[in-house]
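Trainee: The following comprises the amino acid sequence and a computationally predicted model.
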Amino acid sequence: MELEDMKSLWAEHSQQIDKQEKIKKELLMKMTKKKYLNKLGGIYLPEILGAVICLAYAGFFIFQIGKLELPWNQVLSIFNTTLLIVLPILSLYSLFKLGRIDISEGSSAEILERFTKNRIFFWKVQRFAMVISGLFAISILPPLAELVGKIDLLSSRQFWMVYVPIGVILVYIFTKVTMKKYQKALSNSEQVLKELEV
């Protein structure tokens, strides 16, 4: 009887240890996922805020297109409205893919591989948006000038030689600062995932 009691105690003890290990692993995964999402939080807020602003401006232009008399301003307004809708959706989708990485499935290497793939997609979208935002900064000017009644502003040499380059430079600086912040958030998120290997 002693041997059978020992076997049953050992089996029971073994099950308890396995159960505790499973609970410990689940808790670790939940904590890691929360920490990972917190690191991405530095990207979520500006992207969501930017998307709301873009969609508000898109709504504004949709209701103002009828007030534009010049056909090329109507075309530019439609182009810009499309950009104001498509770019935030693409950006939020790429960010959504980063946030949806399931860290409980697969090995650490597979998780990092999925992260890297989604990070590359995110950066492609951001770089595309950066280039398009420079074009947007210029193409938005003629329709806006017509809407505010300053169409003669576009024929001013000073406007094109001073204000437009300054605007494009400011867009470039803003984008570089934003990209640097995003890079830091992504590096921190990747570091959290690398800690799973340890």
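Mentor: Nice, thanks for sending it over. Numbering: from 1, shown residues only.
Trainee: contacts, neighbours, all on C-alpha from now
Mentor: OK.
Trainee: What ranges does the protein have for its helices?
Mentor: Taking DSSP state H, the helices of the chain run over residues 2-64, 71-99, 108-139, 141-147, 157-158, 164-194.
Trainee: residues in contact with the residue nearest in space to the middle of the chain?
Mentor: For the chain, the residue sitting closest to the mean C-alpha position, by Cα atoms, centre = their mean, is Leu95 at 3.8 Å. By Cα atoms under 8 Å, 6 or more residues apart in numbering, the contact set of Leu95 is Tyr44, Phe122.
Trainee: same thing but 10 Å
Mentor: Remark: with contacts taken as Cα atoms under 10 Å, 6 or more residues apart in numbering, Leu95 is in contact with Leu40, Ile43, Tyr44, Glu47, Ile89, Asn118, Arg119, Phe121, Phe122, Trp123, Val125.
Trainee: Kindly report the same for Gly42.
Mentor: Taking Cα under 10 Å, 6+ apart as the contact definition, Gly42 lies against Lys181, Tyr182, Lys184, Ala185, Leu186.
Trainee: What distance do you get for the nearest residue to the second one once chain neighbours are set aside to Leu95?
Mentor: Excluding its sequence neighbours, the residue lying closest to Tyr182 (Cα to Cα, 6 or more residues apart in numbering) is Ile43, at 6.0 Å. Remark: distance between Ile43 and Leu95 (Cα to Cα, to the nearest Å) = 8 Å.
Trainee: for Met6, same thing?
Mentor: Remark: distance between Met6 and Leu95 (Cα to Cα) = 54 Å.
Trainee: Ser104 against Lys30, yeah?
Mentor: Yes. In this structure, Ser104 is within contact of Lys30 by Cα atoms under 10 Å, at 8.7 Å.
Trainee: Not counting sequence-adjacent ones, nearest residue to Arg119?
Mentor: With Cα to Cα, 6+ apart as the measure, Leu98 is the residue that lies nearest to Arg119, at 6.8 Å, once sequence neighbours are left out.
Trainee: doesn't Glu113 make contact with that neighbour?
Mentor: No. If you go by Cα under 10 Å, Leu98 and Glu113 don't touch, sitting 11.7 Å apart.
Trainee: and these two? which has more neighbours close in?
Mentor: Leu98 (23 against 12; other Cα atoms under 10 Å).
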